[in-house]
Structures are given as structure tokens and as C-alpha cells.
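Trainee: below is the structure, and that's it, no one-letter string:
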């Protein structure tokens, strides 16, 4: 069974930076499309960024474009989210997700992902 494990969340002041990491553990059979979502209190889970299995294609939510960067690590199913110029409205639980089907290169809907991490809290203070 494959599990996704996130790390790197924490408390940061507005304008600061954080880097989230996500790694798949267990018997991964291929390289997956991977993405990041977030959920703030009282709000629905929203798409943040996604990266294709080969790393050649990325997609971002308008709210983070130009500030966040998703990238793949050396591990087969390792992904990072570099978050710069953080704002208070970026405060949320951030979830790593993987789409093992690979049908869509850069899916943005949460239902297209079938593996999810436990989430890591990011809090941006003023």
C-alpha cells in the first residue's frame, strides 16, 4: 500500500517563505502525477498546484501563481512546494495528492486524485 507523507509546514510571518515536501512510501509501481491542495477553516478544499509525471508540465491556481513553485525531487514520487511571499490568506492545511491513473497530465479537480497525505498546517501571521 502506498502512503503520502508531507512535511515542512509551520508558522511564518507574512512575506516569508516555506517549503513543503511530500514523499510516497510503499510499493509505488510508476511515477505519478502529483499535486497540492489546501483547505482553510470553514472553506472547501481548493487546488493549489500540480505537476505532470515527468515534471515537464505544471499548473497553478491563480491565487498562488508567481509566488509558489511545484517541483519533483530525485525520488520517483517526491514533490516539493516552494511558497514565497506568503500572505495571511495562504493559511490552511496543505495536502499532497497523487493521481495514479495518469490519464490527465495536470489535473486540478480533487476527485481526480486517489492518494492523499495527512496534511500539514501552514499558518501565516501578520
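Mentor: That came through, no problem. What you see is a predicted model; the values in this text were computed from it and never measured. Numbers count the residues shown, from 1 in each chain.
Trainee: look up how far residue 75 lies from residue 22.
Mentor: With the distance defined as C-beta to C-beta, to the nearest Å, residue 22 ends up 10 Å from residue 75. All C-beta atoms are positioned from the backbone trio N, CA, C, and that covers glycine.
Trainee: OK, contacts around residue 26?
Mentor: 1-3 (C-beta atoms under 8 Å, 6 or more residues apart in numbering).
Trainee: any chance of CSV for the residues you listed, columns neighbour count, distance to residue 120 and secondary structure?
Mentor: Shown next, in CSV, are the contacts of residue 26 (neighbours: other C-beta atoms under 10 Å; distance: C-beta to C-beta, whole Å; DSSP: H, G, I helix; E, B strand; the rest coil):
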residue, neighbour count, distance to residue 120, secondary structure
1, 6, 21, coil
2, 15, 18, coil
3, 12, 14, strand
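Trainee: export those as CSV, with columns for distance to residue 89 and pLDDT.
Mentor: Shown next, in CSV, are the contacts of residue 26 (distance: C-beta to C-beta, whole Å; pLDDT from 0 to 100):
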residue, distance to residue 89, pLDDT
1, 35, 84
2, 32, 87
3, 30, 91
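Trainee: can you put the residues you listed in a markdown table and add distance to residue 110?
Mentor: Converted to a markdown table, the contacts of residue 26 look like this (distance: C-beta to C-beta, whole Å):
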| residue | distance to residue 110 |
| --- | --- |
| 1 | 20 |
| 2 | 18 |
| 3 | 18 |
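Trainee: from these, pick the one nearest residue 17.
Mentor: Relative to residue 17, the closest of those is residue 3; by C-beta to C-beta it sits at 26.9 Å.
Trainee: tell me the contacts of the closest residue to that closest one other than its chain neighbours?
Mentor: Excluding the flanking residues, the one nearest residue 3 by C-beta to C-beta, 6 or more residues apart in numbering is residue 25, at 5.1 Å. Going by C-beta under 8 Å, 6+ apart, residue 25 touches 2-5.
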